[in-house]
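Participant: Here is my input; please provide its structure:
(chains A and B)
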Amino acid sequence: MPSANRIAVADQLLTLLRQSTTEPRRDLQIEALTLAVAADLPVLLWGEPGIGKTAALTQLAAELDLPLTTVIASVHEPSDFAGLPVIGADPANQGVPLAPPDWAVRLAEQGRGLLFLDELSTAPPAVQAALLRLVLERRIGALQLPPGVRIVAAANPRASAADGWELSAPLANRFVHLDWVHDAEVVVRGLGGVWPRAELPRLDPERLAAAVEFGRRAVCGLLTVRPELTHRIPTAESRRGRAWPSPRSWEMTVRLAAFASAAGADREVLSLLVRGTVGDGPGLELLAAVDRMDLPAPEDLLADPAAAVLPRRGDLRQTVLDGVVAAVRGRPSRERWDAAWALMARALEDGAPDVLVVPVTTLASLRQDDWEVPELIDRFAGALKLSRRAETSAARVATTAGRRR
Amino acid sequence: MTARPDTGAPGRLHLEKLFAARLHAVRARPYLATALFAVHVVESARVPTMAVDRHWRCYVSPTFVDRTSEEVLASVWVHEVSHLLRDHARRGDRVMRTLDLDGPGDRLRINLAADCEINDDAFGEGLVRPADAVYPHTLGLPPDGLMEEYVRMFSIGTEHQELVWLECGSGADGLDRAWDLGPDGAHGLSDQERDLVRFRVAEAIRARPGDTPAGWRRWADRAFHPPQPWRELLGAAVRAAVAGAGSGDDYSYGRPPRRATSLPGVVLPSLRRRPPRVAVVVDTSGSVSDSELGTALLETAAIVRAVGGRRDLVSVVSCDAAAQYVQRVAGEGGLALIGGGGTDLREGFAAALRLRPAPDVVVVLTDGQTPWPSRRPPCRTVVGLFGRHAHVREHDPDYRPDGPPEWARVVRLS
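Facilitator: Sure, this is the predicted structure:
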């Protein structure tokens, strides 16, 4: 067989190997990535080398029908991102323009695309400083990237980057940080020829206004009660170079929360996005605040106790009932007190009684002299007996401990 | 949370007793209330006692409740919830993978190790110590360890036969059980909900650290800030300090840059590296152990050499109450660290800054029990802090030692 033919056969085999299909598959990290890309926020994928970050990006670009431009940040000089000075005919009058590199020119000509900045964490500080402007202002030298360009970057965690630099705090604050972990099952399916498909989130046009309202209310609600979370540069060494809260990253959070809400995304996806934008602690506090937003408001419950729907989980139920008691305490009246008792009675019907002990005792202590004890109070005998039992058993522990001493 | 559990013979479970015990547990450990109330109770005749799954359901045997007193049940509640809060299922999976373990015997080992992590300071202060619980000393192990450490310290033998009844469920060791309702069953908590409950409990503990046992304080500190490999962190901190502008980097016209060919007629400055000078200040006071110092010092010297490439640029200052001794790391011979007694690192800083030529970076290795310079030194500073000393003194919960100053990069070495 002539050697040209042999190469042709080899090419056939390679073509066959390259053929793969996709399947829709629930994948939280891909959902989070597509939502952030849809929201036009720069994403930074953190992952060990070789776990398929590039493959995921290729899939995403294909799915979104965007041309993919990959730039390995660590092999470039600062001037590749800041622009290279080019002297024209008359520098004194026209100045020295900063010329952009060829890939940037092509990207700008296409008008749209996915720009993938790989190996960001191994880029030296001077290159990162130049990248700041690219990520924030979308400028490369004299060139402005069109709005249709979305930016995704990838970095290796410091533990695995043999000689990595760390990301500077300003650059880290501009990204949505997503931890990219590989799912063995996805990898096996993929090597077998079927990759998961990333779908652009379907934003519900009916819900856009409500989504904006949701995002703003969640973030502003939290920052009103916890203003110290507005800006906090990480001091712990292990958190450097990752997400941290600042007005900029909170603004990104509002946008992500609105997108997640409009897309009807899962709470898990919102959790990945929010914690990746403002950091774990503030992110979890925001999610807790969103949880509280979902809980029924004490005043609504007091207005119509018969229609009340209480959360099933004990800790949330106690939060709601404590809120009701606090509302009665804040503005006490006979009607509100009775309504609160009706709510407690409802809670007793379909929930554990131990959750009720604290709110019921506090509510009882709010009684004023001219208020009659409601009839339904007998129903709480069980809960109060529970409380006495717990007291007795605690007393038994105390006496045993005393005897031992 | 429902009063009536979903499976098994209805009404057989003595709920009043079980919930009275939970209330007892909540009163004894108020910071665990969120977690205790978030757990969903499922009656099951197939569990020997009480067991939890990954999704925060608690399977309860009716006969176990019948024959156990409320105060012991309260302790079991706290014990089971501790498995969930401490994420033993996921950590157990990880240990099985890293140690290449397999099989039910090894899962029992993980369950025992997890119990040791929980039990050494879970009881007392309003909770009885269940007689048949496993404590580190039961297995001849030291107290205050983590599950991952304990697993490596013992293996399952015949002497553990009497412990085989012990069964805390998949929430304690990660092995799915026959009675588990699985991820699709009702009333399980999602990943995000579990994280939120953990977060609430951690915040409750951090809000009042004085009232809580040391084990829980440690957990709360690490729950959302897991300890990081300090070697990598120290390396990254020193590299960042050494590489930053102003230390070692400078523009020079000495040699044309590679881009010069595209700009005929123009001389561009190019970025040239001058290897940075590094001074390592070592706290040699009595409170720092020799082996700790030795490891950290070797590590720093290696990083510095790797960055600068020249050993003669690294100086080491031993410092206790006075700066004792300055050396260069030039020779192959070991370093002599001299000192003992109290510490005053201000002396060490002064000695390092007196070096000529002046250092670009100062790396300080200390346990932090020292006064710090009041002003920022004219160069970058990395502090390696030995984290052995607890932040809280038992007799004075409000005591905080002066932390390293804000201008220093701090890496905790553990």
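
Participant: my guess is residue A:145 meets residue A:138, correct?
Facilitator: Yes. Residue A:145 lies in contact with residue A:138 (Cβ atoms under 8 Å); the separation is 4.1 Å. In short, each C-beta sits where N, CA and C put it, glycine included.

Participant: And the contacts of stretch A:317-334?
Facilitator: For stretch A:317-334, contacts defined as Cβ atoms under 8 Å, 6 or more residues apart in numbering or on different chains pick out A:292, A:295-296, A:298-299, A:301-302, A:310-311, A:336-337, A:340, A:343-344, A:347, A:351, A:355-356, A:358-359, A:362-363, A:366, A:368, A:371, B:1, B:33, B:37.

Participant: contacts for stretch A:266-278?
Facilitator: A:28-29, A:31-32, A:35-36, A:176-179, A:229, A:243-245, A:249-250, A:252-253, A:256-257, A:260, A:283-284, A:286-287, A:290, B:190-193, B:195.

Participant: Alpha carbons only: can I get the longest helix along chain A in PDB?
Facilitator: Counting residues, the longest helix found in chain A (DSSP state H) is helix A:381-404. What follows is helix A:381-404, C-alpha atoms only, in PDB (Å, rounded to 0.1, in the frame of the first residue of the first chain):
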ATOM      1  CA  ALA A 381     -51.200  20.700  77.000                       C
ATOM      2  CA  GLY A 382     -49.200  18.100  75.100                       C
ATOM      3  CA  ALA A 383     -46.500  20.500  74.000                       C
ATOM      4  CA  LEU A 384     -46.200  21.900  77.600                       C
ATOM      5  CA  LYS A 385     -46.000  18.300  78.900                       C
ATOM      6  CA  LEU A 386     -43.200  17.700  76.500                       C
ATOM      7  CA  SER A 387     -41.400  20.800  77.900                       C
ATOM      8  CA  ARG A 388     -41.900  19.500  81.500                       C
ATOM      9  CA  ARG A 389     -40.500  16.100  80.400                       C
ATOM     10  CA  ALA A 390     -37.500  17.700  78.900                       C
ATOM     11  CA  GLU A 391     -37.000  19.700  82.100                       C
ATOM     12  CA  THR A 392     -37.200  16.600  84.200                       C
ATOM     13  CA  SER A 393     -34.800  14.700  82.100                       C
ATOM     14  CA  ALA A 394     -32.400  17.700  82.200                       C
ATOM     15  CA  ALA A 395     -32.700  17.700  86.000                       C
ATOM     16  CA  ARG A 396     -31.900  14.000  86.100                       C
ATOM     17  CA  VAL A 397     -28.700  14.700  84.200                       C
ATOM     18  CA  ALA A 398     -27.800  17.500  86.600                       C
ATOM     19  CA  THR A 399     -28.300  15.300  89.700                       C
ATOM     20  CA  THR A 400     -26.300  12.500  88.300                       C
ATOM     21  CA  ALA A 401     -23.500  14.900  87.500                       C
ATOM     22  CA  GLY A 402     -23.800  16.300  91.000                       C
ATOM     23  CA  ARG A 403     -23.500  12.800  92.600                       C
ATOM     24  CA  ARG A 404     -20.500  12.000  90.500                       C
END
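
Participant: What residues are bridge-paired with residue A:139?
Facilitator: With DSSP bridges as the criterion, residue A:139 is bridged to residue A:144.

Participant: Low-confidence bits of the stretch 301-414 of chain B, can you list those?
Facilitator: B:306-311, B:321-342, B:387-402, B:414 (pLDDT under 70).

Participant: how about the strands in the chain?
Facilitator: With no chain named, the answer covers chain A. Taking DSSP state E as the test, the strands found in chain A are A:21-24, A:43-46, A:68-72, A:84-85, A:98-99, A:112-118, A:139-140, A:143-144, A:148-155, A:176-179, A:194-197.

Participant: other chain: chain B
Facilitator: With DSSP E as the criterion, chain B has strands at B:40-43, B:50-52, B:57-60, B:249-252, B:270-273, B:278-283, B:314-319, B:323-328, B:361-366, B:380-386, B:409-413.

Participant: where in chain B is pLDDT low?
Facilitator: For chain B, applying pLDDT under 70 flags the ranges B:1-11, B:157-166, B:224-229, B:240, B:243-274, B:286-288, B:306-311, B:321-342, B:387-402, B:414.

Participant: Quickly note the distance from residue A:115 to residue A:327.
Facilitator: Going from residue A:115 to residue A:327 by Cβ to Cβ, to the nearest Å gives 52 Å.
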